[in-house]
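# Output the structure for:
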Amino acid sequence: MSREQYEGILRDIARAGVYHMPQQGMGDLLAAAEAAGFAICRIDLAMVRDKTALFERLAIAFEFPDWFGHNWDALADCLGDLSWITTDGYLLVLEHCDGFRASQAEDFATALQVFAAAAAAWREDNVPFWILVDMHADGIAYLPGLG
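Below is the predicted model of the structure:
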């Protein structure tokens, strides 16, 4: 898929949400997100084995304010605001998720639910919020047009 095709997908606010990270073409996808004026947050979860470490990685990547409480409600609040990031959209890339998913399946599922809820809330404001998850397990849809 070309950069232009990815850009068209990323601008489709109605479809924004949580998806598998494509196995090929990530360079084009990231270039498309940049061209679309998105804030891009890439988080490597290879060494993350608990939700505390996940919250720390997210807080750093998104530059959460000091009031971020390192819990699910605070994560939802921060993801629903992001007023400190001026952008036309958001792309969160969660890399190397398999270890965290294997060691903390319930927390991983909760995180995906929080991300999906944030994407839904941003859709209501006509702002694309995409989450791409790098993992080998099933259960997450593929980007529209890649299935």
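# ranges for the strands of this protein?
With DSSP state E, the ranges of strands along the chain come out as 18-20, 38-44, 89-95, 129-133.
# so which of the ones you listed comes closest to E63?
Proximity to E63 (Cβ to Cβ) singles out strand 38-44 among the strands of the chain, at 9.3 Å. C-beta here means a position set from N, CA and C on the backbone, and glycine is covered the same way.
# tilt between the closest one and strand 129-133?
With axes from the mean of the first three to the mean of the last three Cα atoms, to 10 degrees applied, the angle from strand 38-44 to strand 129-133 works out at 20 degrees.
# So for strand 38-44, what gets flagged as buried?
Applying a neighbour-count criterion of 16 or more other Cβ atoms under 10 Å, one finds 38-41, 43 buried in strand 38-44.
# how about CSV for these, with pLDDT and distance to I140 added?
As requested, the buried residues of strand 38-44 are exported to CSV (pLDDT from 0 to 100; distance: Cβ to Cβ, whole Å):
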residue, pLDDT, distance to I140
F38, 96, 20
A39, 96, 22
I40, 96, 19
C41, 95, 18
I43, 95, 16
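# mind putting the residues you listed in TSV, distance to G69 included?
Converted to TSV, the buried residues of strand 38-44 look like this (distance: Cβ to Cβ, whole Å):
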residue	distance to G69
F38	26
A39	22
I40	25
C41	19
I43	19
